[in-house]
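Colleague: got a sequence here, can you build the structure:
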Amino acid sequence: MTEHQDISLDWMSDSGEPHAPVDLRPEVPHPARMYDYYLGGKDNFPADREAAEKVLALSPLVRLSALANRAFLQRAVRHLAEAGVRQFLDIGTGIPTAGNTHQTAQLVHPDARVAYVDNDPIVLVHSRALLAGSSRGTVTVTQADLRDPEKILADPQVRELLDLGRPVALLLFAVLHFVDDADDPYGIVRTLVDALPPGSHLALSHGTGDFVPASEAEKGPAIYRNATAQLSMRTKEQVLKFFDGLELLEPGLVTAPLWRPDTTPSATDAEVGIWAGVGRKP
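Modeller: Modelled structure (predicted):
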């Protein structure tokens, strides 16, 4: 994507009807596009790159954390699919990139179903454009807000694609740190998990400032205050609370690179600022 691209894009709905144009607001840093930049993607604008570079200047581990989070997503989804899960509810999907949830799950089960949910129309534009024509009938993209879990659970596209009477993997990758305490993130997760049957799973990752001095931990969120979403970092103990009532799979809640790694961990992996875990509903 370049700054010369038309920023008022249309996309087609599943019914073939066009949605209204959306202003991508390229002059305002956007967390999803910043994340895309960390991952080495091209779906970002100069304002996103400028803000992202400010964050990277604070710590070179930020890009490592983003890459580690993406790799954790792939390992967790692959593990769940190999364990027999064929339904995935991915909330806060962000801009799709190679190795996303449906691609990973469908390598194991070609008929695996994935409902992507994001509240941001900017992300929806990118998602629907990139997913157009692919995995028709097994993937859907819905606009809804994590802070309104009942609406997500009642959404017609979600209900049509997923059978909530059968196990579902609820995926909340790098999204809960954009939910303020005032919006009751624990209540949100509890509402979603309570609606799923036994045998379902919760997989999540969450940004943390546990490995840097408190003064440094505040600098990243300060940059995001100029973006379209705010950042709320949480400690390991606070992230563990999201798994209350669930059976944490081994190795428990660890930094993202240490969750069932495919390669030998490096010396810095234990200090990557992303907590990651997967829990099973008994």
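
Colleague: mind listing the strands for the stretch 1-150 of the chain?
Modeller: 8-9, 22-23, 87-91, 113-118, 139-143 (DSSP state E, counting those that start in this stretch).

Colleague: can I get these in a markdown table including mean pLDDT, distance to residue 255 and mean neighbour count?
Modeller: For glycine as for every other residue, the C-beta is placed from the backbone atoms N, C-alpha and C. Output for the strands of the stretch 1-150 of the chain, formatted as a markdown table (pLDDT from 0 to 100; distance: least, Cβ to Cβ, whole Å; neighbours: other Cβ atoms under 10 Å):
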| stretch | mean pLDDT | distance to residue 255 | mean neighbour count |
| --- | --- | --- | --- |
| strand 8-9 | 34 | 37 | 14 |
| strand 22-23 | 64 | 36 | 14 |
| strand 87-91 | 98 | 21 | 25 |
| strand 113-118 | 94 | 25 | 25 |
| strand 139-143 | 91 | 30 | 22 |
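
Colleague: show me the helices in the stretch 101-250 of the chain, by range?
Modeller: 101-108, 121-131, 149-154, 156-161, 185-194, 214-217, 219-224, 236-240 (DSSP state H, counting those that start in this stretch).

Colleague: could you tell me the least trusted of the ones you listed?
Modeller: Lowest mean pLDDT within those: helix 219-224, at a mean of 52.

Colleague: count of residues packed around residue 230?
Modeller: 13 (other Cβ atoms under 10 Å).

Colleague: quick one: it and residue 151, what's the gap?
Modeller: 21 Å (Cβ to Cβ, to the nearest Å).

Colleague: now do residue 162
Modeller: For residue 162, the distance to residue 151 - Cβ to Cβ - is 15 Å.

Colleague: which one of these two has more residues nearby?
Modeller: For residue 162 and residue 151, the more surrounded residue by other Cβ under 10 Å is residue 162, and the numbers stand at 21 against 14.

Colleague: re earlier: which of the strands of the stretch 1-150 of the chain sits closest to residue 241?
Modeller: strand 87-91 (18.1 Å; Cβ to Cβ).

Colleague: contacts for the closest one?
Modeller: 77, 80, 101-102, 105, 112-118, 146, 152, 158, 162-163, 166-173, 175, 192 (Cβ atoms under 8 Å, 6 or more residues apart in numbering).

Colleague: any stretches of the stretch 151-282 of the chain with poor pLDDT?
Modeller: 213-229 (pLDDT under 70).

Colleague: in it, which spans are strands?
Modeller: 169-173, 201-207, 247-248, 254-255, 274-280.

Colleague: returning to that earlier point: which of the contacts of strand 87-91 are buried?
Modeller: 77, 80, 101-102, 105, 112-118, 146, 152, 158, 162, 167-173, 175, 192 (16 or more other Cβ atoms under 10 Å).

Colleague: quick one, what contacts the residue nearest the centre of the chain?
Modeller: Centroid check for the chain by Cα atoms, centre = their mean gives residue 173 as the closest residue, at 3.5 Å. Contacts for residue 173 (Cβ under 8 Å, 6+ apart) come out as 69, 72-73, 90, 92, 203-205.

Colleague: kindly report the same for residue 282.
Modeller: 198, 246-247.

Colleague: and those residues as JSON lines, adding distance to residue 273 and neighbour count?
Modeller: Listed next are those as JSON lines, based on distance: Cβ to Cβ, whole Å; neighbours: other Cβ atoms under 10 Å:
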{"residue": "198", "distance to residue 273": "33", "neighbour count": "8"}
{"residue": "246", "distance to residue 273": "23", "neighbour count": "18"}
{"residue": "247", "distance to residue 273": "26", "neighbour count": "11"}
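
Colleague: of these, closest to residue 183?
Modeller: Nearest member of those to residue 183, counting by Cβ to Cβ, is residue 246, at 21.1 Å.

Colleague: wait, that closest one sits on residue 192?
Modeller: No - Residue 246 is not in contact with residue 192 according to Cβ atoms under 8 Å; the separation is 11.9 Å.
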